[in-house]
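**Student:** what would the 3D arrangement of this be:
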Amino acid sequence: MLSREIMTIIEAIEDFRESAIAKADGAKPASKDHELHARMTRAFVCLTSHGENGIAAFTELLQDESSHVRIWVAAQFLAEGCRSAIPIMEQLATQPGIQGFSAAMTLKEFHSGCLRSPFTTSVV
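**Tutor:** From the prediction side, this is the model:
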């Protein structure tokens, strides 16, 4: 994470993307995985603190080239009840391996009404 306390929107987006991509399907050791998730959370909280512009920038990540970024962003929006993220998560659920399984389980939790924010805060 950047050393300054408050990141710009661009810095937060870059930090979120870098962390999600590095985390991938789980970084090793576990402490590294936890550190990357904490960086994603801090970047997300920073984006929400920037109001509509930060949320708009976060929303754009639903179209990111990295599926590792899209799955986290879609999970957040689904946790907020934003049904527009369903097709993205459905596409990710067709992928083989842990990512496809994670996307399928996220959809199952969403449809059962039990999905919670991966970042424990809201954008809506």
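**Student:** check contacts around Phe110.
**Tutor:** Contacts for Phe110 (CB atoms under 8 Å, 6 or more residues apart in numbering) come out as 78-79, 86, 89. Bear in mind the C-beta positions are built from the backbone N, C-alpha and C, glycine included.
**Student:** name the element it belongs to?
**Tutor:** helix 97-111 (DSSP states H and E).
**Student:** and that helix, which residues are buried?
**Tutor:** Buried residues in helix 97-111, counted by 16 or more other CB atoms under 10 Å: 99-100, 102-104, 106-107, 110.
**Student:** output the below-cut-off pLDDT ranges for this structure.
**Tutor:** 1-5, 121-124 (pLDDT under 70).
**Student:** now the residue nearest to the spatial centre of the chain, nearest residue through space, not along the chain?
**Tutor:** The residue lying closest to the centre of the chain (CA atoms, centre = their mean) is Trp72, at 2.5 Å. Nearest residue to Trp72, sequence neighbours excluded (CB to CB, 6 or more residues apart in numbering): Ala20, at 5.2 Å.
**Student:** and for the helix or strand the one you found falls within, what are the contacting residues?
**Tutor:** Under the criterion of DSSP H and E, Ala20 resides in helix 9-23. Here helix 9-23 makes contact (CB under 8 Å, 6+ apart) with 1-2, 7, 33, 36-37, 39-40, 42-44, 46-47, 50, 53-54, 57-58, 61, 64, 66, 68-69, 72.
**Student:** just how off-centre is stretch 12-23 within its chain?
**Tutor:** 9 Å (CA atoms, centre = their mean, to the nearest Å).
**Student:** packing partners of the helix ranked longest in the chain?
**Tutor:** With secondary structure taken from DSSP state H, the chain has its longest helix at helix 30-49. Packing partners of helix 30-49 (3 or more CB pairs under 8 Å, 6 or more residues apart in numbering; DSSP states H and E): helix 9-23, helix 52-60.
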